[in-house]
Every structure is written in structure tokens, then in C-alpha cells.
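Peer 1: Sharing a sequence plus its predicted fold:
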Amino acid sequence: MEKQERDRLLLTAMNSYGDYLMRLTYAIVKDEKKAEDIVQEVFIRYYLNLDKFEGRSSIKTYLYRVAINECHNYFKSWAYRKMEISNLFGHLLINKDTPECEIIQKESDDHVAKLIEGLPLKYREVIWLHYYSELSVAEIANVLDCPVNTVKTRLARGRKLARIAFEEGNDYA
Amino acid sequence: MHEHIRKSLDQSIPEQVRLRDERKRAIVAEAHRRLEKGSPTRKPALKPLISAVAVVGIAGFLAVPYIQHEMGEKAIVESMPSEVVHKVSILGENLATLITAIYVDKTKEMIFTDGYRIYAYNTESKIKEILVEREEDANISGYNVAANERWIVWKQDDIEGYSILNRLNGEVRNIPDELHGMQIDGDQLNYTSVSQGNIWFTQLDLKTLEQTQLIDLHSQRLKLEYTRGATGKFIITDYGESDSSQFKFTVHDLKSQRQIGEYSFPYENAINLSISGNKVFAELFNEGDTGPVLGYVDLTDGQFYIVETPKFFAYAVFEDILALDVPVKDSRTIKLYRIENNQAHALPVLDHIQERLVKPRFTPEGSLVVNVEGTDFYSLYVVDATKLK
């Protein structure tokens, strides 16, 4: 593939999915700098593997899959564990939440997003992929490399835990 | 509701978290560097060439029965009337814009939004018309648009209420209510509304703007399922019940607003419930199952039936025509089937299409709409299922 064509496809992908991937990745890793690094890696891999794409394969699913895998790798990494330990010590040393702070926080936070944020990662990521990234259940299964029914179960439990009482019915196919 | 959750999630992330232009430039530079670094030097070699010739020869020999089979299928496809499958390409648009496109059979239009405007694209004249311009800076999401040949109903993000365009006289009316899951059935708009802390299944007469709150979903812990089209019926499920081996639901008649009956699927989970004729279809699974099964309850006798299908990820049904999202090699696409004696029999209608097809949905009149994902991401296919009889 010509370099110009490669560049064009990369720019198209970055313009179409760049912001979504950044925000999804940030929602998972909670660190803007790390999210930027992950998204950079995702698009570079896409660029290097452009020759392997055919009309039938899904660019969107591929990008999300690489992003989620990179997030998982980050959680397994020493850099993340080291940060977790230092955060733990930080929490022990400073109790920043006064009752007033908590009330203000509760009022300003959006209820649904807050409930979702408190979910374990496995539920949180399927809800983000489904509602924010607008991936179908099957696409999420592809992204997470797990059976479709696992996604459906996690989505159903995640919704229940986040008290999403009713929704549009048809999970985008 | 889907849009509400998406918005809520989006708002939970700081606004500045975006892929900035300087980072994009850095990505391009780093991608160039790695591509050049990683390019292998090529030396001409004879062995690979001989191997390649041998492989091509063997492949050619082995391919003969396959080609004969393909030619047979092609003959079947060519014998079908050309008006059955119609490709609609809307240049300048993309999959994100067209994934929620609504096809209107009577006017042969594709209605869609790019967030700024709502358009009608006439698939015969290929003329794109602007129907609605957004007000202020608030976007219009495709999930918040309902349309038919007479009405366009839409809601803008961050603007209270929703708007109705009468396409015949150009009159626009604004309704202050909050609504979710809009669906137009003739001159009626059906939706769920939030009012005084309760969630109501509500019906609005678009001509008179007379509103009827049909069922209080919230206090009864009920969930409204989409009826997918003008069936004159709607389904309600009980989301409060859990850990049951039965999935219970009730079917109601829209006109009389009466309950037709109480039914159940003998499975823990049922999703994507839809009514086609006198049957309620759903994807069914118990926890730990390897894949969903397609089943239906026949409302005439209340009996449950399983439809034998290949492995699938999503479905849409219109009478006896079934669209399934099925695995193909290492990808997936949409294939068509006819349900006969509760078995799905393959129809080769879409087999000639090379692009990956996604999101099957039927119009109330029986047109199947699917999006193209791949190089022709600005295209859709419309299949007239009524001509497959």
C-alpha cells in the first residue's frame, strides 16, 4: 500500500475514532497521559497492519480490541501496581472527603455515570463499549475475546447493578 | 434511554480528554518511523517462487468443485428479480451517520442525521433534502429521531422537550416533555416518558397532540420492549424478577389498550423481543450456554417453539423471512433465511455481496435494511422481503 494512502487511512481512523478511544481509555485507566499513550499505540498498530485489512474486517472492532487489550496490559504492568501502592498510602495519609465535600460531589456527579464508575472493571467495560462506543454485543465479544453470552450476562448484571431500569430493548446487532 | 446513558458517560469524562491534533501528528511521525524501521529487506529467492507456483497449481485444482458450486449459486441469485436487493450509496456520509438511518417504504427515502441536520435521501432520484436544521449548538442523535412519510420527530441533546415536523405543511411544534424510545405508527407517536417521578408508556396523537399515559412502568417495575413496527401490539416484561428459569412477559393491544395475554419463554434470559404477525420472537439463553437460540411464542395457542438456525449474533424477522448475523470465515455478515417448519432455510439473496453487512432491521412494510461496514461505509442495502414470497 502506498504511503500516502496509508496516511490517509490513518488520519481518517484518527478523526473517526480518536476522541472515542481517548475517552473510553481514560474511563478505564483514569489517567489522561496513559490514555494518550495507549491510543497512540493503538493507531500505530493499525497503521503497521493496514495491509492485512480487507473490506470485510471491522476497523472499529479492531481498534477497540487493541485498546482494551492495552488497558488490560497496563493493569497487569509494574507501573500500574506501583501507582496503586502509592495511591493506597496517599489515601491512608489524607482523608480529603469532608461531609460538605461529599454532598457537593453527590450533587454535581451524574447519577448513572457514578453508579457505572463504581462497578467492577468487567461490567464497566462492557457498559462503556455498549453505550458509549455503541458496539453490538457480538462486537464486544470480539473485542474482549469472550463468548457472546458472557457479554450478555455482564451487560445484564452491569445494568442491574447500575440500576438501569429500562432501555431501548434491541442491543445493536 | 441508550442516548441518555451515553451522554451521562460522556459527561463523566473531563471535556479536554480528546485526541489532540499535536498528538495525531506525533502518531503519524512515530508510525512512519516504525514502518521504516520494521520494513524487511527483500532478497530474490527461487525456492519461495517454486513453492508459490506449486501452491497456486494445487489450489486451482482443488477450487474446481467450489467454483462449480459458486456458479450454481450465482445462477440462483441472477434468477431473482433485480428489484429485490437495492444498494443505496450516499456519498459524503459514513457508517456512524447511517447506522441509525430509517427507511420509509412509501417514499423510498432514507432518513438520517449527521448531528447537525436531518436529511431525507430519495433512493430513486438520489436527491438529498434537508428536513431539519438543529437549533443552537445542541446535536441531534440518530437514536432520537423517528420518521415516516408524514412526520419527523426528534430531540436535541441538552434541549428540553422534543419537536415534531409535519412534512405535509412544514409546521414544527415543540413539546416540553422528556421522552425515550420514540416510535411512529401512522399518526401516533409511542414512547416512554418521565413524569412526576414515574415512567409512563405514552401515546401521542401527532395530529391533535392529545397525549395518553397508558401504563405506569416504574411503580410496577416493568420494562417496555420495542415492538419493531406497526404491529398494533406491544410487549412488557418484568425487570424486577430475577433468578427465574422462566422469562415472563405480557402482550398488549395498542388500540384497545388491553392486555392480550401473559406468556413465558422457558429460559432465564430473553433479549431483543420482537413481534412479527402473531408471534413474539426473542434471543434466548441460560447462563453458561455457548450461544443464544431463536425461539418464539405463538400468541394464537400460547405455545413456545424453537427455530433451528446456524450460530448467530443478532436477528431480525418479518413474517417467515429471517435475517441473521452469522459468522463467515474470520468475520461476520448478514444472511437471509426462510423459516419453514421451525427451521431456517438459507436464501442466497445476499450471498453475492462481498462487503460485511451489519445491523439488520425490517421496516413495518417488510423491507430489510442493512449497513455496509468496510470500504463502502456510506452504503446500505435494502431488500424487499415481500418479493421473496
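Peer 2: Structure's in. What do you need?

Peer 1: Now do the end-to-end distance for stretch B:130-137.
Peer 2: In stretch B:130-137, first residue to last residue: 17 Å (CA to CA, to the nearest Å).

Peer 1: What residues sit buried inside that stretch?
Peer 2: B:L131, B:V132, B:R134 (16 or more other CB atoms under 10 Å in any protein chain shown). For every residue, glycine as well, the C-beta is placed using N, CA and C.

Peer 1: and what of stretch A:138-145?
Peer 2: Those would be A:A138, A:E139, A:I140, A:A141, A:N142, A:V143, A:L144, for stretch A:138-145 by 16+ other CB under 10 Å.

Peer 1: How about the contacts made by the residue lying closest to the fifth one once chain neighbours are set aside?
Peer 2: It stands for A:N142. Leaving aside its chain neighbours, A:N142 sits nearest to A:T61 (5.2 Å; criterion: CB to CB, 6 or more residues apart in numbering or on different chains). Listed by CB atoms under 8 Å, 6 or more residues apart in numbering or on different chains, the contact partners of A:T61 are A:L135, A:E139, A:N142, A:V143.

Peer 1: repeat that for 6 Å
Peer 2: Counting by CB atoms under 6 Å, 6 or more residues apart in numbering or on different chains, A:T61 makes contact with A:E139, A:N142, A:V143.

Peer 1: ok, whichever residue of the stretch 251-389 of chain B sits closest to chain A to B:D177 distance?
Peer 2: Closest approach between the stretch 251-389 of chain B and chain A, counting by CB to the nearest CB: B:A314, at 2.7 Å. Distance, B:A314 to B:D177, by CB to CB, to the nearest Å: 31 Å.

Peer 1: Please identify which of the buried residues of stretch A:138-145 is nearest to B:D21.
Peer 2: Closest to B:D21 out of the buried residues of stretch A:138-145 is A:V143 (26.9 Å), distances taken as CB to CB.

Peer 1: That closest one: what's it in contact with?
Peer 2: A:T61, A:Y64, A:R65, A:I68 are the contacts of A:V143 under CB under 6 Å, 6+ apart.

Peer 1: Checking it next. Helix, strand or coil?
Peer 2: helix (DSSP: H, G, I helix; E, B strand; the rest coil).

Peer 1: can I get the buried residues of stretch B:130-137 in JSON lines with pLDDT, secondary structure and distance to B:A346?
Peer 2: Below are the buried residues of stretch B:130-137 laid out as JSON lines (pLDDT from 0 to 100; DSSP: H, G, I helix; E, B strand; the rest coil; distance: CB to CB, whole Å):
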{"residue": "B:L131", "pLDDT": "92", "secondary structure": "strand", "distance to B:A346": "39"}
{"residue": "B:V132", "pLDDT": "91", "secondary structure": "strand", "distance to B:A346": "41"}
{"residue": "B:R134", "pLDDT": "84", "secondary structure": "coil", "distance to B:A346": "44"}
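
Peer 1: how's chain A carved up into domains?
Peer 2: A:1-95, A:98-173 (automatic domain parsing).

Peer 1: mean pLDDT lowest for which of those?
Peer 2: Out of the domains of chain A, domain A:98-173 stands lowest, with a mean of 70 (criterion: mean pLDDT).

Peer 1: re earlier: what count of nearby residues applies to the residue of the stretch 251-389 of chain B closest to chain A?
Peer 2: B:A314 has 27 neighbouring residues, counting by other CB atoms under 10 Å in any protein chain shown.

Peer 1: Can you spell out which residues form a bridge with it?
Peer 2: Beta-bridge partners recorded for B:A314 (DSSP bridges): B:D325.

Peer 1: per-residue pLDDT, it?
Peer 2: B:A314 carries a pLDDT value of 88.

Peer 1: And B:L347, by the same measure?
Peer 2: Value for B:L347, per-residue pLDDT: 94.

Peer 1: so it makes contact with B:L336?
Peer 2: Yes - using CB atoms under 6 Å, B:L347 makes contact with B:L336 at a distance of 4.4 Å.
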